[in-house]
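A.B. asks: Provided below for reference: sequence and predicted model.
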Amino acid sequence: MRLDIAAVNYFEPWWIQIVKALLIFLVIFGVLPMLTVYERKLLGRFQHRYGPNRVGPFGLLQPMAEIVKFALKEPFRPTTSMGFLFRAAPALSILTAVGALALIPWGGVTNIFGTNVGLYGIDVSVGPLYVFALGGISFYGILLGGWASGSKYSFLGGMRAAAQLISYEVSQGLALVGVLISAQTLSLVGIVNAQRGMWYFIPQLVGFLIFMVASFAETNRAPFDLVEADAELVGGYFTEYGGTGFVAYLFAEYVNMIVVSGMATTIFLGGWLMPFGIHPPTWVDPFVVLAKMMIFMTLFIWIRATLPRLRYDQLMSFGWKILLPLATLNLLVTAIIVVH
Amino acid sequence: MAYDPGSDVIEVIRHPGKGPAISTLRVFGETLRGMKTTLARVAEGPLTIQYPEEKTPVYPRFRGRHKLHKFEDSGLEKCVGCSLCAAACPADCIRVVAAENTPDNRVSAGERYAAVYEINLSRCIFCGYCEVACPFDAITMGHDYELSDYTRSDLIFTKEMLLAEPLERTPLRTEGE
């Protein structure tokens, strides 16, 4: 393995790269609509309801009906909005979200029809940094969307997004550093391979919890959904969006959930490894990752059904006064233990 | 003199416990407790009644669409066209035109019968005064509440429609339910 900074470790022919990219994209965008139904049905169960169950068997075709509805909506924008930015912001949001998908490792290197194929989009030697970089750009999708709408609610949502996402990204990053110094690598595939003995969520329990809490804030999910805050800000940054722009933001949120779940799976839950020394055939690996990701998805929805939205000052004081010192402390303790 | 807020000031609670560390622990515990509460709701299962397929049973005294009755033995109509129901109706939605019974055209048990008996259900307020006013129990309130229609004129129910045995579309509550 080359060790230079930001090296992309690939060895497949170029066409396999394209096939992998298409496959990941198509599978995730096939799962996404199902995920929206899953969330709504599960939320319903948490509230003594069924959730959508009218369109198709068990309501599974609900997203089809909704995609048709959104696609047929008239694209209009407020007179005060800025045309180019108003259209570019949702695209930016979804592009960065999809870009981060490439990093999630679905399995190790396998031999398919005599060719060595890595079951991941790309294996970058700065894996988590790549994800954080794309996450940093994805703020602009929300920020510009809120600002370019030319509406006060959107603007407030965008402002909140800027403050909240930047505050929590610090803790999220620091929570990972404990794992990175234990694994001695920044490659996500390398991190999974380093967990063959023990998954990192046991020695790094504090880091895991901090990462999960910060992830809820990063994906704008309840109880940190101040950015949308439908009770106060109508819809926050996407108040003025309808039709395809709205769908882009919605899908970006779900893709972000998938990415964060994938990151948590890879970094803390042993990626494609199975517990108790079970070694299934290689083709099972992606399904193991998917199953672990579903656990996190369910947790996201469960928390959304449980916790009310935080107040803005609570959000800030929690992020800066509790989460950040805790993450720093976790990093220091890990560093001392690793060095000794 | 400046207003002294005194006891009106509500103390703002910034931490749910003593100090940030204990607060964090407490918040964590309370979150788990909340998650247990919501999970218990899943275990209880949905309470939704899937309306068009499943219906809430109505009570026996439920006041739905009216029914006109006949005598079971002779098959004659109970209504004698006295118009007391129309007089009692606060919404003025009942129209009765009476006619004399003749030996070769005997419709009701009394001297006269209702040649026209119409209830405009788009005006009816389902108060049940007609039922109370009727001296022969010829009109009663049924249990049917699914009365939407496409035009207003379709909601004017004629005597034939009110006399016809209604489709039992509404389940009735059993005794003690």
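C.D. replies: Nice, thanks for sending it over.

A.B. asks: show me how far the longest strand along chain B is from its chain's centre.
C.D. replies: With residue count as the measure and DSSP state E as the assignment, chain B has strand B:112-120 as its longest strand. How far strand B:112-120 lies from its chain's middle: 25 Å, per Cα atoms, centre = their mean, to the nearest Å.

A.B. asks: keeping just the C-alphas, turn it into PDB.
C.D. replies: Taking C-alpha atoms only, strand B:112-120 is exported to PDB below (Å, rounded to 0.1, in the frame of the first residue of the first chain):
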ATOM      1  CA  ARG B 112    -105.300   9.700   5.500                       C
ATOM      2  CA  TYR B 113    -101.800   8.800   4.200                       C
ATOM      3  CA  ALA B 114     -98.700  10.700   3.100                       C
ATOM      4  CA  ALA B 115     -98.900  11.000  -0.700                       C
ATOM      5  CA  VAL B 116     -95.600  12.900  -0.600                       C
ATOM      6  CA  TYR B 117     -93.100  12.400   2.200                       C
ATOM      7  CA  GLU B 118     -89.700  14.000   1.500                       C
ATOM      8  CA  ILE B 119     -86.800  14.700   3.800                       C
ATOM      9  CA  ASN B 120     -84.100  17.000   2.600                       C
END
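
A.B. asks: can you name the element that comes right after that strand?
C.D. replies: Next helix or strand after strand B:112-120 toward the C-terminus (DSSP states H and E): helix B:129-133.

A.B. asks: what's in contact with that next one?
C.D. replies: B:63, B:66, B:84-90, B:94, B:139-141 (Cβ atoms under 8 Å, 6 or more residues apart in numbering or on different chains). From N, CA and C alone the C-beta is placed, and that goes for glycine too.

A.B. asks: return the set of buried residues in it.
C.D. replies: Buried residues in helix B:129-133, counted by 16 or more other Cβ atoms under 10 Å in any protein chain shown: B:Tyr129, B:Cys130, B:Glu131, B:Ala133.

A.B. asks: so which of those residues is the closest to B:Arg41?
C.D. replies: Closest to B:Arg41 out of the buried residues of helix B:129-133 is B:Glu131 (42.7 Å), distances taken as Cβ to Cβ.

A.B. asks: list the contacts for residue 39?
C.D. replies: In the absence of a named chain, chain A is used. A:Glu39 makes contacts with A:Met297, A:Ile301, A:Arg304, as judged by Cβ under 8 Å, 6+ apart.

A.B. asks: if you could check chain B rather than the one you did, that'd help
C.D. replies: A:Phe46, A:Trp302.

A.B. asks: make it 10 Å
C.D. replies: Contact criterion Cβ atoms under 10 Å, 6 or more residues apart in numbering or on different chains gives A:Arg45, A:Phe46, A:Trp302, A:Ala305, A:Thr306 as the residues in contact with B:Leu39.

A.B. asks: pipe the residues you listed into TSV and attach neighbour count, secondary structure and pLDDT per row.
C.D. replies: Written out in TSV, the entries for the contacts of B:Leu39 read as follows (neighbours: other Cβ atoms under 10 Å in any protein chain shown; DSSP: H, G, I helix; E, B strand; the rest coil; pLDDT from 0 to 100):
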residue	neighbour count	secondary structure	pLDDT
A:Arg45	21	helix	90
A:Phe46	21	helix	90
A:Trp302	18	helix	92
A:Ala305	22	helix	89
A:Thr306	20	helix	90
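
A.B. asks: closest to A:Asp230 among those?
C.D. replies: Distances from A:Asp230 to the contacts of B:Leu39, taken by Cβ to Cβ, are shortest for A:Ala305, at 15.3 Å.

A.B. asks: immediately after the longest helix anywhere in chain B, which helix or strand?
C.D. replies: Among the elements of type helix in chain B, defined by DSSP state H, the one spanning the most residues is helix B:19-44. Remark: after helix B:19-44, the chain's next helix or strand is strand B:66-68, criterion DSSP H and E.

A.B. asks: give me the contacts around that next one.
C.D. replies: In contact with strand B:66-68 (Cβ under 10 Å, 6+ apart) are residues B:77-79, B:85, B:94, B:114, B:117, B:119, B:121, B:124, B:126, B:128, B:130-131, B:134, B:138-144, B:157, B:159-166.

A.B. asks: can you say which of those are buried?
C.D. replies: The neighbour-count test (16+ other Cβ under 10 Å) applied to the contacts of strand B:66-68 identifies B:77-79, B:85, B:94, B:114, B:117, B:119, B:121, B:124, B:130-131, B:134, B:138-139, B:141-144, B:157, B:159, B:161-163, B:166 as buried.

A.B. asks: contacts only, for A:Ile181.
C.D. replies: For A:Ile181, the contacting residues are A:Leu331, A:Thr334, A:Ala335, A:Ile337, A:Val338, A:Val339, taking Cβ under 10 Å, 6+ apart as the criterion.

A.B. asks: any idea which helix or strand carries it?
C.D. replies: Element membership for A:Ile181 (DSSP H and E) is helix A:152-183.

A.B. asks: that helix: which residues count as buried?
C.D. replies: Taking 16+ other Cβ under 10 Å as the criterion, helix A:152-183 shows A:153-162, A:164-165, A:167-180, A:182-183 as buried.

A.B. asks: what does stretch A:236-247 give?
C.D. replies: Counting neighbours by 16+ other Cβ under 10 Å, the buried set in stretch A:236-247 is A:Gly236, A:Tyr237, A:Phe238, A:Thr239, A:Glu240, A:Tyr241, A:Thr244, A:Gly245, A:Phe246, A:Val247.

A.B. asks: among those residues, name the ones in helices.
C.D. replies: With helices identified by DSSP H, the entries of those that belong to them are A:Thr244, A:Gly245, A:Phe246, A:Val247.

A.B. asks: now do the same contact list for A:Ala264.
C.D. replies: Neighbouring residues of A:Ala264 by Cβ under 10 Å, 6+ apart: A:Phe201, A:Phe208, A:Phe211, A:Met212, A:Ser215, A:Lys292, A:Met293, A:Ile295, A:Phe296, A:Leu299.

A.B. asks: pretty sure the first one sits against A:Gly178.
C.D. replies: No - counting by Cβ atoms under 10 Å, A:Phe201 sits too far from A:Gly178 to count as a contact (11.2 Å).

A.B. asks: now for these two: what residues contact both?
C.D. replies: Joint contacts of A:Phe201 and A:Gly178 (Cβ under 10 Å, 6+ apart) are A:Gly207, A:Phe208, A:Phe211.

A.B. asks: of those, closest to chain B?
C.D. replies: A:Phe208 (12.8 Å; Cβ to the nearest Cβ).
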